[in-house]
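Colleague: Sequence and predicted model, in that order:
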Protein chains: 2
Amino acid sequence: MPAADELEAVLEANRSFYDAFEARDLDAMSQLWEHSDRATCTHPGWPTLRGWARVAASFFALFQNDQRLQFILTEVYGQMDGDVGWVSLDENVLDVDAGLAVAAMNLFTRGDDDEWRMVAHHASVITAPATLDDEDQG
Amino acid sequence: MPAADELEAVLEANRSFYDAFEARDLDAMSQLWEHSDRATCTHPGWPTLRGWARVAASFFALFQNDQRLQFILTEVYGQMDGDVGWVSLDENVLDVDAGLAVAAMNLFTRGDDDEWRMVAHHASVITAPATLDDEDQG
């Protein structure tokens, strides 16, 4: 498979994460994640949850909530090397009455079945303006 | 090289990052990082800095500061797959009069010279207690 197609598969897995999040679809979220001890998830401000059981429990709890989130993804940069892909991006999170800028790093690995699965998600609210070369930050 | 040694090399690169940070050693920090456009660094609360030039500028600015930081690293979990390694950990950051709990994800790639270089650092202050299964959180 050409490299561009491989990277597209990583970006597609990345989009699946936000689709599942917006739809509060626990099955889709479960299908996306690697079910292993090394799965880690850091929601904004949270301690890192380690292991699929804890990660799954966090999404179960979040999806119980009535609040609907919408993610506008910007500055999406995907990379890959062998069977590992990672995506750095900004999540512009919209709920009913507010918006929030969140920086995120998502990590995926490709299994023997050629499927990309999420193995790490780290998201953090952007609270400080860039103090360096703001004029270059697009 | 056996897998255990390879993973140890990833963890050693991870320690080098904090050694360089504590020593405010820009040369060591520069040596550790991949000098590429895909290098990304998210300091706690900051927007993601993309590209080595911006990442380097951030450390240059941070190291100008008189404040000395000390990092006590806990819950350090390293993983690798091919030429990519990643470390999930907690940074317990001490300065003169306070402490701060920070969740971090560090990503490394192995170059043709067999050296591991940092390609992504994402750190975020832990502001919320784990709302799930706290009793299992060790």
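Modeller: Sure, I can see it. Please read these numbers as outputs of a predicted model, since none were measured by experiment.

Colleague: so does stretch A:66-78 get close to chain B?
Modeller: Yes - Stretch A:66-78 comes into contact with chain B (C-beta under 8 Å from any C-beta of the partner chain), by way of A:75, A:77. Every C-beta, even on glycine, is put in place using the N, C-alpha and C of the backbone.

Colleague: buried stuff in that stretch?
Modeller: When burial is assessed from 16 or more other C-beta atoms under 10 Å in any protein chain shown, stretch A:66-78 yields the following buried residues: A:69, A:71, A:75, A:78.

Colleague: what's in contact with that stretch?
Modeller: Counting contacts by C-beta atoms under 8 Å, 6 or more residues apart in numbering or on different chains, the residues outside stretch A:66-78 that touch it are A:7, A:10-11, A:14-15, A:18, A:21-22, A:24, A:85-96, A:138, B:38, B:40, B:48, B:50.

Colleague: Any chance of CSV for the buried residues of stretch A:66-78, columns pLDDT?
Modeller: Compiled in CSV, these are given as follows (pLDDT from 0 to 100):
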residue, pLDDT
A:69, 90
A:71, 96
A:75, 97
A:78, 98
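
Colleague: Mind exporting the C-alpha coordinates of the lengthiest helix in chain A to PDB?
Modeller: Looking only at chain A and at elements set by DSSP state H, the helix with the highest residue count is helix A:3-23. Listed in PDB are the C-alpha atoms of helix A:3-23, where the atom choice follows Å, rounded to 0.1, in the frame of the first residue of the first chain:
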ATOM      1  CA  ALA A   3       2.600   5.600   1.900                       C
ATOM      2  CA  ALA A   4      -0.100   8.300   1.200                       C
ATOM      3  CA  ASP A   5      -2.800   5.600   1.500                       C
ATOM      4  CA  GLU A   6      -1.300   4.400   4.700                       C
ATOM      5  CA  LEU A   7      -1.200   7.800   6.200                       C
ATOM      6  CA  GLU A   8      -4.800   8.400   5.100                       C
ATOM      7  CA  ALA A   9      -5.700   5.200   7.000                       C
ATOM      8  CA  VAL A  10      -4.200   6.800  10.200                       C
ATOM      9  CA  LEU A  11      -6.100  10.000   9.600                       C
ATOM     10  CA  GLU A  12      -9.300   8.000   9.000                       C
ATOM     11  CA  ALA A  13      -8.800   6.200  12.400                       C
ATOM     12  CA  ASN A  14      -8.300   9.600  13.900                       C
ATOM     13  CA  ARG A  15     -11.600  10.900  12.500                       C
ATOM     14  CA  SER A  16     -13.300   7.700  13.700                       C
ATOM     15  CA  PHE A  17     -12.400   8.600  17.300                       C
ATOM     16  CA  TYR A  18     -14.100  12.000  17.100                       C
ATOM     17  CA  ASP A  19     -17.100  10.500  15.200                       C
ATOM     18  CA  ALA A  20     -17.600   8.000  18.000                       C
ATOM     19  CA  PHE A  21     -17.100  10.700  20.600                       C
ATOM     20  CA  GLU A  22     -19.700  13.000  19.000                       C
ATOM     21  CA  ALA A  23     -22.200  10.100  18.500                       C
END
